[in-house]
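Asker: Would you be able to build a 3D model of this:
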Amino acid sequence: MIPTTEQIADMVRRQLPDARVEVRLYAGDDHFEMSVESAAFAGKSRVAQHQMVYAALGEHMKQAIHALALKTSTPKESA
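Answerer: Numbers count the residues shown, from 1 in each chain. From the prediction side, this is the model:
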């Protein structure tokens, strides 16, 4: 079962409670683009930030989510 955009955002917020998350479909029903802003990303490389989001999505990244265009930032970077 493919999660909705809101379900995907909720999965990330459960792991990163302070996160501001925006999720949109960009093709079909399993290609998503997401932006995540969280203070938890401070001091971490972009790869580590993305890994944190992938971990929050768990098995969905291997099964239901075919593609994910991901942008991560800290609140300071977004200001």
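Asker: and the gap between Gln63 and Val23?
Answerer: 17 Å (CB to CB, to the nearest Å). C-beta here means a position set from N, CA and C on the backbone, and glycine is covered the same way.
Asker: residue ranges of the helices in the protein, please?
Answerer: Along the chain, the stretches classed as helices by DSSP state H are 5-15, 46-57, 75-78.
Asker: State the mean pLDDT of the shortest one.
Answerer: Confidence over helix 75-78 (mean pLDDT, whole number) is 85.
Asker: How about it, which residues are buried there?
Answerer: With burial defined by 16 or more other CB atoms under 10 Å, not one residue of helix 75-78 is counted as buried.
Asker: dump the residue contacts of Val53.
Answerer: 12, 16, 34, 36, 70, 72 (CB atoms under 8 Å, 6 or more residues apart in numbering).
Asker: Please check the residues you listed and keep the buried ones.
Answerer: Buried among the contacts of Val53 (16+ other CB under 10 Å): 12, 16, 34, 36, 72.
Asker: Reformat those as a markdown table; add distance to Gly58 and pLDDT.
Answerer: Below are those laid out as a markdown table (distance: CB to CB, whole Å; pLDDT from 0 to 100):
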| residue | distance to Gly58 | pLDDT |
| --- | --- | --- |
| Val12 | 11 | 97 |
| Leu16 | 14 | 97 |
| Met34 | 15 | 97 |
| Val36 | 15 | 98 |
| Thr72 | 17 | 97 |
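Asker: how about the residues you listed, which pair is most distant?
Answerer: Leu16 and Met34 (12.1 Å; CB to CB).
Asker: Give me the residues contacting the lowest-mean-pLDDT helix or strand in the chain.
Answerer: For the chain, scoring each helix and strand by mean pLDDT, DSSP states H and E identifies helix 75-78 as the least confident one, at a mean of 85. For helix 75-78, the external contacting residues (CB under 8 Å, 6+ apart) are 37-39, 42.
Asker: so which of these is the most crowded?
Answerer: Taking other CB atoms under 10 Å as the neighbour criterion, Ser38 ranks highest of those with 23 neighbours.
Asker: That's all I had, so thanks and see you.
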